[in-house]
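Using only what follows, build the 3D model:
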Amino acid sequence: MRLHVAIPLRWSDFDAYAHVNNAEMLRLLEEARIQAFWRPDEGSGPAVATAILDARPGAEVSSLIARQEIEYLAPIPYMRAPVDIEMWIGRIGGASLEVCYELYSPVGVEPRILFTRAATTLVMVTAATGRPKRITDDLRAVWEPYVEQAVSFTKRA
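Numbering: from 1, shown residues only. As a prediction, the model looks like this:
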(Lines give C-alpha, C1' and ligand atoms only; values in the text may rest on other atoms or scores of the structure.)
Protein backbone atom coordinates (compact mmCIF):
# COMPACT_ATOMS: atom_id res chain seq x y z
CA MET A 1 0.00 0.00 0.00
CA ARG A 2 1.24 3.52 -0.78
CA LEU A 3 0.54 6.91 0.67
CA HIS A 4 -0.33 9.78 -1.65
CA VAL A 5 0.87 13.17 -0.42
CA ALA A 6 -0.02 16.31 -2.39
CA ILE A 7 2.70 18.97 -2.21
CA PRO A 8 2.19 22.36 -3.88
CA LEU A 9 5.03 23.90 -5.81
CA ARG A 10 6.24 27.40 -4.97
CA TRP A 11 7.48 29.88 -7.54
CA SER A 12 10.76 29.99 -5.63
CA ASP A 13 11.26 26.23 -6.24
CA PHE A 14 12.18 26.99 -9.85
CA ASP A 15 15.51 27.96 -11.29
CA ALA A 16 16.65 29.86 -14.39
CA TYR A 17 15.93 26.77 -16.51
CA ALA A 18 12.19 27.00 -15.60
CA HIS A 19 12.02 23.70 -13.74
CA VAL A 20 12.24 22.62 -10.09
CA ASN A 21 15.79 23.13 -8.86
CA ASN A 22 17.56 19.96 -7.68
CA ALA A 23 18.10 21.38 -4.17
CA GLU A 24 14.40 22.18 -3.90
CA MET A 25 13.61 18.55 -4.68
CA LEU A 26 15.01 17.67 -1.26
CA ARG A 27 12.55 20.15 0.29
CA LEU A 28 9.60 18.61 -1.57
CA LEU A 29 10.58 15.16 -0.30
CA GLU A 30 11.02 16.56 3.21
CA GLU A 31 7.55 18.15 3.15
CA ALA A 32 6.02 14.86 2.05
CA ARG A 33 7.91 12.97 4.78
CA ILE A 34 6.73 15.41 7.45
CA GLN A 35 3.09 15.05 6.37
CA ALA A 36 3.41 11.28 6.19
CA PHE A 37 5.22 10.58 9.45
CA TRP A 38 5.05 13.51 11.89
CA ARG A 39 2.07 13.77 14.18
CA PRO A 40 0.34 17.12 13.58
CA ASP A 41 -0.07 19.68 16.35
CA GLU A 42 -3.36 19.70 18.25
CA GLY A 43 -6.12 21.33 16.25
CA SER A 44 -4.18 21.47 12.98
CA GLY A 45 -6.38 18.97 11.20
CA PRO A 46 -6.45 15.23 10.59
CA ALA A 47 -3.30 13.25 9.98
CA VAL A 48 -2.67 10.24 7.82
CA ALA A 49 -2.50 6.93 9.72
CA THR A 50 1.30 6.79 9.48
CA ALA A 51 1.83 10.26 11.02
CA ILE A 52 2.76 9.10 14.50
CA LEU A 53 6.24 10.48 15.20
CA ASP A 54 6.43 13.24 17.78
CA ALA A 55 8.78 15.78 16.20
CA ARG A 56 8.08 18.66 18.56
CA PRO A 57 10.91 20.26 20.55
CA GLY A 58 11.57 18.17 23.64
CA ALA A 59 10.50 14.87 22.04
CA GLU A 60 12.40 11.83 23.33
CA VAL A 61 13.07 10.39 19.88
CA SER A 62 14.02 12.13 16.66
CA SER A 63 14.84 10.96 13.18
CA LEU A 64 18.04 11.73 11.31
CA ILE A 65 18.68 11.35 7.62
CA ALA A 66 21.49 8.86 7.03
CA ARG A 67 21.28 8.69 3.24
CA GLN A 68 19.32 10.10 0.29
CA GLU A 69 19.31 9.18 -3.36
CA ILE A 70 17.37 10.93 -6.10
CA GLU A 71 16.91 9.96 -9.73
CA TYR A 72 15.61 12.75 -11.95
CA LEU A 73 13.58 11.34 -14.82
CA ALA A 74 12.00 14.50 -16.27
CA PRO A 75 12.12 18.20 -15.43
CA ILE A 76 9.17 19.44 -13.36
CA PRO A 77 7.56 22.50 -14.94
CA TYR A 78 5.56 25.05 -12.96
CA MET A 79 2.06 23.78 -12.18
CA ARG A 80 -0.53 25.31 -9.89
CA ALA A 81 -1.95 21.95 -8.80
CA PRO A 82 0.14 20.07 -6.21
CA VAL A 83 2.41 17.28 -7.36
CA ASP A 84 1.43 13.78 -6.24
CA ILE A 85 4.14 12.09 -4.20
CA GLU A 86 3.59 8.37 -3.77
CA MET A 87 5.38 7.11 -0.67
CA TRP A 88 6.03 3.70 0.83
CA ILE A 89 8.55 2.02 3.07
CA GLY A 90 11.17 -0.08 1.34
CA ARG A 91 12.62 -1.55 4.52
CA ILE A 92 12.21 -1.37 8.27
CA GLY A 93 15.41 -2.24 10.13
CA GLY A 94 16.34 -2.26 13.80
CA ALA A 95 16.63 1.53 14.20
CA SER A 96 16.19 2.68 10.60
CA LEU A 97 13.74 2.67 7.75
CA GLU A 98 13.97 3.41 4.06
CA VAL A 99 11.31 5.79 2.78
CA CYS A 100 10.69 5.47 -0.96
CA TYR A 101 9.11 8.06 -3.24
CA GLU A 102 7.83 8.49 -6.74
CA LEU A 103 6.93 12.06 -7.64
CA TYR A 104 4.20 12.36 -10.28
CA SER A 105 2.28 15.07 -12.07
CA PRO A 106 -0.83 16.31 -10.22
CA VAL A 107 -3.74 13.92 -9.74
CA GLY A 108 -6.05 14.08 -12.74
CA VAL A 109 -3.47 15.52 -15.13
CA GLU A 110 -3.05 13.36 -18.22
CA PRO A 111 -0.74 11.95 -19.27
CA ARG A 112 0.51 11.04 -15.81
CA ILE A 113 4.24 11.79 -15.70
CA LEU A 114 6.76 10.22 -13.33
CA PHE A 115 9.28 13.01 -12.69
CA THR A 116 11.46 11.62 -9.91
CA ARG A 117 12.30 8.49 -7.91
CA ALA A 118 13.98 8.82 -4.53
CA ALA A 119 14.81 7.04 -1.30
CA THR A 120 15.71 8.34 2.15
CA THR A 121 17.16 6.27 4.98
CA LEU A 122 15.99 7.59 8.35
CA VAL A 123 17.57 6.54 11.63
CA MET A 124 15.61 6.86 14.87
CA VAL A 125 17.78 8.30 17.64
CA THR A 126 17.35 9.15 21.29
CA ALA A 127 17.23 12.95 21.20
CA ALA A 128 19.28 13.41 24.38
CA THR A 129 22.17 11.22 23.28
CA GLY A 130 21.97 11.05 19.48
CA ARG A 131 22.37 7.27 19.73
CA PRO A 132 20.26 4.96 17.55
CA LYS A 133 17.00 3.80 19.15
CA ARG A 134 15.23 0.63 18.09
CA ILE A 135 11.95 1.12 16.26
CA THR A 136 9.17 0.10 18.63
CA ASP A 137 6.63 -2.62 17.91
CA ASP A 138 3.90 0.06 17.88
CA LEU A 139 5.66 1.98 15.08
CA ARG A 140 6.29 -1.24 13.15
CA ALA A 141 2.60 -2.20 13.39
CA VAL A 142 1.51 1.14 11.91
CA TRP A 143 4.14 1.19 9.15
CA GLU A 144 4.20 -2.48 8.06
CA PRO A 145 1.13 -2.19 5.78
CA TYR A 146 3.15 0.33 3.75
CA VAL A 147 6.19 -1.91 3.24
CA GLU A 148 6.82 -3.04 -0.30
CA GLN A 149 9.82 -3.53 -2.55
CA ALA A 150 12.27 -0.63 -2.30
CA VAL A 151 12.46 1.89 -5.12
CA SER A 152 14.31 0.60 -8.15
CA PHE A 153 16.67 3.14 -9.67
CA THR A 154 17.09 2.72 -13.41
CA LYS A 155 19.98 5.01 -14.18
CA ARG A 156 22.65 3.27 -12.10
CA ALA A 157 26.05 2.97 -13.71
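
C-alpha only now, for contacts and for neighbours.
OK.

isn't residue 131 right up against residue 125?
Yes. Residue 131 lies in contact with residue 125 (Cα atoms under 8 Å); the separation is 5.1 Å.

neighbour-wise, which of those two wins?
residue 125 (20 against 13; other Cα atoms under 10 Å).

For my notes, confirm residue 29 occurs in a helix.
Yes. Judged by DSSP: H, G, I helix; E, B strand; the rest coil, residue 29 forms part of a helix.

quick one: contacts for it?
Residue 29 makes contact with residue 101, according to Cα atoms under 8 Å, 6 or more residues apart in numbering.

just so I have it, where are all the helices in this structure?
Using DSSP state H, the helices of the chain run over 22-37, 137-143.

Deepest in the core, which of those helices is it.
Among the helices of the chain, ranked by average contacts under mean count of other Cα atoms under 10 Å, first place goes to helix 22-37 (a mean of 17).

Now it: average pLDDT?
Helix 22-37 carries an average pLDDT of 90.

With stretch 89-100 instead?
96.

And for stretch 137-147?
For stretch 137-147, mean pLDDT is 93.

any idea how far that stretch is from the chain center?
16 Å (Cα atoms, centre = their mean, to the nearest Å).

what does that stretch rub up against?
Contacts of stretch 137-147 (Cα under 8 Å, 6+ apart): 1, 2, 3, 49, 50, 52, 88, 89, 90, 91, 92.

on that earlier part again, nearest to residue 119, of the helices of the chain?
Taking Cα to Cα, helix 22-37 is the member of the helices of the chain nearest to residue 119, at 9.2 Å.

what does stretch 114-127 rub up against?
Residues outside stretch 114-127 that contact it (Cα under 8 Å, 6+ apart): 59-76, 95-105, 131-135, 151, 153.

how does it look with 6 Å?
Contact with stretch 114-127 is made by 60-74, 95-104, 131-133, as judged by Cα atoms under 6 Å, 6 or more residues apart in numbering.

Strands of this protein, start to end?
3-7, 61-72, 83-92, 96-104, 114-126 (DSSP state E).

what angle do the last one and strand 61-72 make?
Interaxial angle of strand 114-126 relative to strand 61-72 (axes from the mean of the first three to the mean of the last three Cα atoms, to 10 degrees): 160 degrees.

Run the chain-centre distance for strand 114-126.
On Cα atoms, centre = their mean, the centre of strand 114-126 falls 6 Å from the chain's centre.

I appreciate the help and will end here.
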